[in-house]
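Trainee: A structural model of the following input is requested.
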Amino acid sequence: QVRIVESGGGLVQPGGSLRLSCAASGSTLENYGIGWFRQAPGKEREGLVCINRRGRSTEYAEDAKGRFTISRDIAKNTVFLQMDSLKPEDTAVYYCAADPTNYYCSLDVTKYNYWGQGTQVTVSS
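Mentor: As a prediction, the model looks like this:
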């Protein structure tokens, strides 16, 4: 069973950048599709971007296209989310999750079995 820990959140000014990390232990990321999600207060958890277990296929939500980039380092067993041009509406708790089943990744929260504890991102001046 994989264990996931997110890090890298914090306070950033509008227009700034952050890089979030999703570190896995207990199993190699090559066994899982990985997705990044976020949840703002009073809103449902939404999918942002994912990468499949082979690292060859990705999917981006419309709001993430052009601003967010997913990547992974197999040697470090870590997936990254680079976030640029951040806006106040990007303020949320960001989660990483692992899907052990599907070949192609999905932005559907129900496809993911293993979740991290989340990391807070606040975009404010």
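Trainee: tell me the contacts of the nearest residue to residue 25 once chain neighbours are set aside?
Mentor: Distance criterion C-beta to C-beta, 6 or more residues apart in numbering; nearest residue to residue 25, sequence neighbours excluded, is residue 3 at 4.8 Å. Bear in mind the C-beta positions are built from the backbone N, C-alpha and C, glycine included. With contacts defined as C-beta atoms under 8 Å, 6 or more residues apart in numbering, the neighbours of residue 3 are 24, 25, 26, 114.
Trainee: what's near enough to touch residue 48?
Mentor: Counting by C-beta under 8 Å, 6+ apart, residue 48 has contacts 35, 36, 37, 38, 60, 61, 63, 64, 68, 81, 94, 107.
Trainee: try 6 Å this time
Mentor: Residue 48 makes contacts with 36, 61, 64, as judged by C-beta atoms under 6 Å, 6 or more residues apart in numbering.
Trainee: Now do the SS call for it.
Mentor: Using DSSP: H, G, I helix; E, B strand; the rest coil, the structure places residue 48 in strand.
Trainee: returning to that earlier point: mind listing which of the contacts of residue 3 are in strands?
Mentor: Members of these lying in strands (criterion: DSSP state E): 24, 25, 114.
Trainee: in the strand or helix carrying residue 4, what counts as buried?
Mentor: Assessed by DSSP states H and E, residue 4 sits inside strand 3-7. Using 16 or more other C-beta atoms under 10 Å as the test for burial, strand 3-7 gives 4, 6.
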